[in-house]
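1. Here you go, sequence then predicted model.
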Amino acid sequence: MSLRDRRVQYETAGLDVSDLDESPIAQWRSWYEQAADAGVVEPNAMVVSTIADDGAPDARVVLVRGADERGLVFFTNYNSAKGRQLDDDPVAAATFAWLDLHRQVRVRGTIARVTETESDDYFASRPRDSQIGAWASPQSSPITDRDELMRRVVDVTERFADAPVPRPPHWGGFRLSPVEVEFWQGRPNRLHDRFRYRRDEERSTGWKIERLAP
């Protein structure tokens with residue numbers, strides 16, 4: 001089948017404003033839990049888009065490790081391409097695609113590093129091999145070959161052989177604090193349901209919800 005002829009008809013139930021929570025984070029969590037219950041692989045995976053040094057967009061998949069009314073938290077090497085980009089221009093967009101449920105969530109907002117305590121707590125919860133990898137990998141930097149990477153892993157493993165692995169100073173979390181969140185539900189004939197939350201401090205909920213044309 002050619003790319004132009006590949007189509008999926010979305011027959012899922014509709015979405016109305018009465019179905020939505022007044023908080024976009026609470027609504028996101030509801031959809032996330034439904035995706036997890038439905039067996040979606042990595043339901044906490046999101047594409048994070050940043051602004052590169054040349055002003056062009058840059059995107060990659062990361063995993064959300066925390067969600068509350070302050071925003072969505074993910075962790076990375078601060079010296080990586082995305083880490084440097086987020087420090088230099090602390091705004092981002094994120095996209096969740098739960099295709100099995102014909103759902104998408106888009107988030108736009110501001111970025112800030114989480115506290116060192118939050119980063120320490122999450123790092124301590126990671127498997128030891130992942131902790132070692134955080135020290136061994138100079139993320140986003142060129143390396144000669146995989147053997148170089150594995151030598152670095154061996155060096156770090158020996159360095160911390162008889163001790164807990166501490167969090168590297170160049171590794172930690174970012175929080176994406178939303179200013180706009182859109183929930184998209186696929187419907188037949190591409191007449192999808194779309195609702196956008198936008199910050200509105202004049203409202204008691206702090207958010208304005210409006211329906212968008214598909």
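-> Looks like it arrived, so ask away. None of the values given here were measured: they were computed from a predicted structure.

2. Could I get the full set of helices for this structure?
-> Remark: helices assigned in the chain by DSSP state H are 24-37, 81-88, 116-125, 128-136, 146-159.

3. quick one: the residue of the chain most remote from its centre and Arg128, what's the gap?
-> Distance from the centre of the chain peaks at Asp162, with 34.1 Å (C-alpha atoms, centre = their mean). Asp162 is 13 Å from Arg128, where distance means C-beta to C-beta, to the nearest Å. Any C-beta I mention is one placed from the backbone N, CA and C, and that applies to glycine too.

4. next one: Thr50
-> From Thr50 to Arg128 the distance is 30 Å (C-beta to C-beta).

5. Between those two, which has more neighbouring residues?
-> Thr50 (21 against 11; other C-beta atoms under 10 Å).

6. so what's that one up against?
-> 57-59, 82, 85-86, 89, 92 (C-beta atoms under 8 Å, 6 or more residues apart in numbering).

7. export the residues you listed to a markdown table and tack on distance to Gln139?
-> Listed next are the contacts of Thr50 as a markdown table, based on distance: C-beta to C-beta, whole Å:
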| residue | distance to Gln139 |
| --- | --- |
| Pro57 | 19 |
| Asp58 | 14 |
| Ala59 | 16 |
| Lys82 | 9 |
| Gln85 | 13 |
| Leu86 | 13 |
| Asp89 | 19 |
| Ala92 | 17 |
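
8. and which of the residues you listed is nearest to Arg113?
-> Taking C-beta to C-beta as the measure, Arg113 lies nearest Leu86 of the contacts of Thr50, at 8.5 Å.

9. so what's that closest one scoring on pLDDT?
-> Listed pLDDT for Leu86 reads 98.

10. show me what contacts the closest residue to it other than its chain neighbours?
-> For Leu86, ignoring the flanking residues on the chain, the nearest one in space by C-beta to C-beta, 6 or more residues apart in numbering is Ile111 at 4.8 Å. Shown in contact with Ile111 (C-beta under 8 Å, 6+ apart): 86, 90-92, 174-177.

11. Scan those residues and report the most crowded one.
-> Busiest of the contacts of Ile111 [other C-beta under 10 Å] is Leu176, holding 27 neighbours.

12. Is that one bridged to anything, and to what?
-> Leu176 forms beta bridges with Leu72, Ile111, as assigned by DSSP bridges.
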